[in-house]
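Student: I'll drop the sequence and a predicted model, then ask my questions.
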2 protein chains.
Amino acid sequence: MSSSTSPALSVPSVDGGVLEGKNDDHGGVIVEMTNEPLDPVVYVSLLKASLSHWEQQGKRGIWIKIPIELANLVEPTVKEGFYFHHAEPKYLMLARWLPSTPNTLPANASHRVGIGAFVLNEKNEVLVVQEKSGKFRGTGVWKFPTGVVDEGEDICDAAVREVKEETGIDSKFLEILAFRQSHQSYFEKSDLFFVCMMQPLSEDIQPQEAEIEAAQWMPLKNIKPFVRNRNFLYNFDACLAKKGDLSGF
Amino acid sequence: MSSSTSPALSVPSVDGGVLEGKNDDHGGVIVEMTNEPLDPVVYVSLLKASLSHWEQQGKRGIWIKIPIELANLVEPTVKEGFYFHHAEPKYLMLARWLPSTPNTLPANASHRVGIGAFVLNEKNEVLVVQEKSGKFRGTGVWKFPTGVVDEGEDICDAAVREVKEETGIDSKFLEILAFRQSHQSYFEKSDLFFVCMMQPLSEDIQPQEAEIEAAQWMPLKNIKPFVRNRNFLYNFDACLAKKGDLSGF
């Protein structure tokens, strides 16, 4: 708590001259900095004292979560031996491994998860879209509605949501037909893509203004030839095979 | 290129007074800063000029990748309207959406992917381990070898690697028996966990010193009762059902 160069600033998350943290289940400590401004000189002093304290206690992994409002504390944290672990729009998580043994802290999230929706109606028509952006923009390629599963969202809910957003169609998730893992898809991350069998609960299409160029119900027999050759729908045979098994069609 | 306060520092990634970037497929620009030191004042001047330039060009998403060695540039980048997109140990990626339309930049990776290995030998014994850390430490609970799929690693390769690392056993991936999605597993991220059917290719167990307390071949009939009730192996019935189908056992 010494040498504050700016006494007007509050000093949050402080307990007895060290940063206040919570113990985790793996012998480590998690410090969540609040949004309140903190003088970097005060912070560095606290951090140094905290690291000594945690080392004496035999702590292992130290996590410091810095909100974007305190971006000025990122550099001093790195200078104390921390590395970037993961980030979200509002914060950066830094980590440091204290013991001399190998670092066993878990890796950052490594995969994005996507869905493709195979929506087949009772007339044997499949719901297909043309996208306004991405690599198929302007190519005339029709594809299944697809999208990214949000953090904390179930795969089946994401399929229902994407079909509704892109086409206005209500649908019900039936099952997962196939999935695929791919790598280096975007900034070196990996992808898992699940093809979901969906039952439509409405008919009238309302294409999404921002992202969808066109959407339609296309006879199954028409889309088969050219979709079959596209890697992102390599599992079309599985969809067709499944069709025979589903009651209600 | 004006107003350098430190002429000794080099000015990398500069092209005609703006930061040098690559166009992406979505109307955006990706700037990868090199590790070379850059005076923050020079950087801010370049960044401001670049943003004007990109706005005139109608660019959409702007990405700036800052290596950890240049952590001093994080704060000035945030001050120019950027947010944290994702981070890896060696860099932080910041993003800013220039148009007045809603931000459509893709989300950060949202899922960690894990594997559990169901390794069953010809004597109807299953390979099980006790872990030295984590929530089962000291509980005497035996479990399948499990682990995290690395970025860029195939699920089947991860299963072979984890079995080898934890027990010394060579094995061959046969198929995926079941998977489970869970949320809020670690720092708000989601998990996908795949149970892999593995064929052992060796017999002698060498438990991993750092992480494994004990490992053994356990008769299938012994582990069934208590494993069945554990959520992380809820798919044990699937494993048992599958066992009858597999040739070679």
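Tutor: Received, thanks.
Student: Assign a three-state SS to residue A:208, would you?
Tutor: coil (DSSP: H, G, I helix; E, B strand; the rest coil).
Student: Need the nearest residue in space to it, chain neighbours excluded.
Tutor: What sits nearest to residue A:208 in space, not counting adjacent residues and going by Cβ to Cβ, 6 or more residues apart in numbering or on different chains, is residue A:166, at 5.0 Å. (C-beta placed from N, C-alpha, C; glycine too.)
Student: can you count the residues close to that neighbour?
Tutor: Neighbourhood size, residue A:166 [other Cβ atoms under 10 Å in any protein chain shown]: 24.
Student: My guess is it contacts residue A:211. True?
Tutor: Yes: counting by Cβ atoms under 8 Å, residue A:166 touches residue A:211, with 6.7 Å between them.
Student: quick one on the thing from earlier: can you confirm the residue nearest to residue A:208 is in a helix?
Tutor: Yes: counting by three-state DSSP, residue A:166 is located in a helix.
Student: residue contacts, residue A:80?
Tutor: A:44, A:47-48, A:51, A:96 (Cβ atoms under 8 Å, 6 or more residues apart in numbering or on different chains).
Student: can you do 6 Å?
Tutor: When contacts are counted by Cβ atoms under 6 Å, 6 or more residues apart in numbering or on different chains, residue A:80 touches residue A:47.
Student: pLDDT at it, what is it?
Tutor: Looking at residue A:80, its pLDDT is 97.
Student: Please go through chain A and pick out the longest strand.
Tutor: As assigned by DSSP state E, the longest strand anywhere in chain A is strand A:171-186.
Student: Tell me what angle that one forms with strand B:171-186.
Tutor: Angle between the axes of strand A:171-186 and strand B:171-186 is 100 degrees (criterion: axes from the mean of the first three to the mean of the last three Cα atoms, to 10 degrees).
Student: list the buried ones in the longest helix belonging to chain A?
Tutor: Longest helix in chain A by number of residues (criterion: DSSP state H): helix A:40-56. Buried residues in helix A:40-56, counted by 16 or more other Cβ atoms under 10 Å in any protein chain shown: A:40, A:42-47, A:49-51, A:53-54.
Student: can you list those in CSV and add pLDDT and distance to residue A:120?
Tutor: Output for the buried residues of helix A:40-56, formatted as CSV (pLDDT from 0 to 100; distance: Cβ to Cβ, whole Å):
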residue, pLDDT, distance to residue A:120
A:40, 95, 59
A:42, 94, 63
A:43, 96, 58
A:44, 96, 61
A:45, 95, 65
A:46, 95, 60
A:47, 97, 58
A:49, 96, 64
A:50, 96, 59
A:51, 97, 59
A:53, 96, 62
A:54, 96, 57
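Student: where's residue A:150 relative to chain B, distance?
Tutor: 7 Å (Cβ to the nearest Cβ, to the nearest Å).
Student: Going by secondary structure, that residue is in what exactly?
Tutor: Taking DSSP states H and E as the definition, residue A:150 sits outside all helices and strands.
Student: dump the residue contacts of the residue nearest the centre of chain A.
Tutor: In chain A, the residue lying closest to the centroid (Cα atoms, centre = their mean) is residue A:151, at 4.8 Å. By Cβ under 6 Å, 6+ apart, residue A:151 lies in contact with B:110, B:190.
Student: what about it, distance to residue B:108?
Tutor: From residue A:151 across to residue B:108, the span is 8 Å (Cβ to Cβ, to the nearest Å).
Student: now swap in residue A:177 and tell me
Tutor: 27 Å.
Student: Compare the two (neighbour count), which wins?
Tutor: Neighbour count, other Cβ under 10 Å: between residue A:177 and residue B:108, residue B:108 has more, with 23 against 20.
Student: quick one: pLDDT of the more buried one?
Tutor: pLDDT at residue B:108 comes out at 83.
Student: sec struct for it, please.
Tutor: Per three-state DSSP, residue B:108 ends up coil.
Student: Look up how far residue A:189 lies from it.
Tutor: Going from residue B:108 to residue A:189 by Cβ to Cβ gives 8 Å.
Student: just to revisit the earlier point, tell me the mean pLDDT over the longest strand of chain A?
Tutor: On average, the pLDDT along strand A:171-186 is 84.
Student: quick one: it near chain B?
Tutor: Yes: judged by Cβ under 6 Å from any Cβ of the partner chain, strand A:171-186 comes into contact with chain B through A:181, A:183.
Student: Run me through the strand neighbours of that strand, direction for each.
Tutor: When pairing is defined by DSSP bridges, strand A:171-186 lines up against strand A:189-200 (antiparallel).
Student: I'd like to know the average pLDDT value across the strand it pairs with.
Tutor: For strand A:189-200, mean pLDDT rounds to 90.
Student: Downstream of it, the next helix or strand is which one?
Tutor: Next along from strand A:189-200, by DSSP H and E: strand A:212-219.
Student: can you tell me if that next one touches chain B.
Tutor: No: applying Cβ under 6 Å from any Cβ, one finds strand A:212-219 separated from chain B by no less than 12.7 Å.
Student: before we move on, what about stretch A:52-62?
Tutor: No: Stretch A:52-62 lies out of reach of chain B by Cβ under 6 Å from any Cβ, never closer than 8.9 Å.
Student: Only C-alpha atoms, please: export that stretch in PDB.
Tutor: C-alpha atoms of stretch A:52-62 as PDB (Å, rounded to 0.1, in the frame of the first residue of the first chain):
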ATOM      1  CA  SER A  52       6.100 -13.300  -2.800                       C
ATOM      2  CA  HIS A  53       3.100 -14.100  -0.600                       C
ATOM      3  CA  TRP A  54       1.800 -16.700  -3.000                       C
ATOM      4  CA  GLU A  55       5.200 -18.300  -3.500                       C
ATOM      5  CA  GLN A  56       5.500 -18.700   0.300                       C
ATOM      6  CA  GLN A  57       2.100 -20.300   0.400                       C
ATOM      7  CA  GLY A  58       3.200 -22.800  -2.300                       C
ATOM      8  CA  LYS A  59       0.600 -21.500  -4.800                       C
ATOM      9  CA  ARG A  60       0.800 -22.800  -8.400                       C
ATOM     10  CA  GLY A  61      -1.100 -21.100 -11.100                       C
ATOM     11  CA  ILE A  62      -1.800 -17.300 -10.700                       C
END
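Student: can you list contacts of that stretch?
Tutor: A:18, A:27-29, A:96-99, A:105.
Student: quick check, nearest of the buried residues of helix A:40-56 to residue B:82?
Tutor: Closest approach to residue B:82 among the buried residues of helix A:40-56 (Cβ to Cβ): residue A:40, at 19.9 Å.
Student: how much space between that closest one and residue B:77?
Tutor: 17 Å.
Student: Averaged pLDDT, stretch A:205-217. What do you get?
Tutor: On average, stretch A:205-217 scores 92.
Student: in it, what's buried?
Tutor: A:205, A:207-208, A:212, A:215, A:217.
Student: which pair in the residues you listed spans the largest distance?
Tutor: Within the buried residues of stretch A:205-217, A:208 and A:217 form the most distant pair, 16.2 Å apart (Cβ to Cβ).
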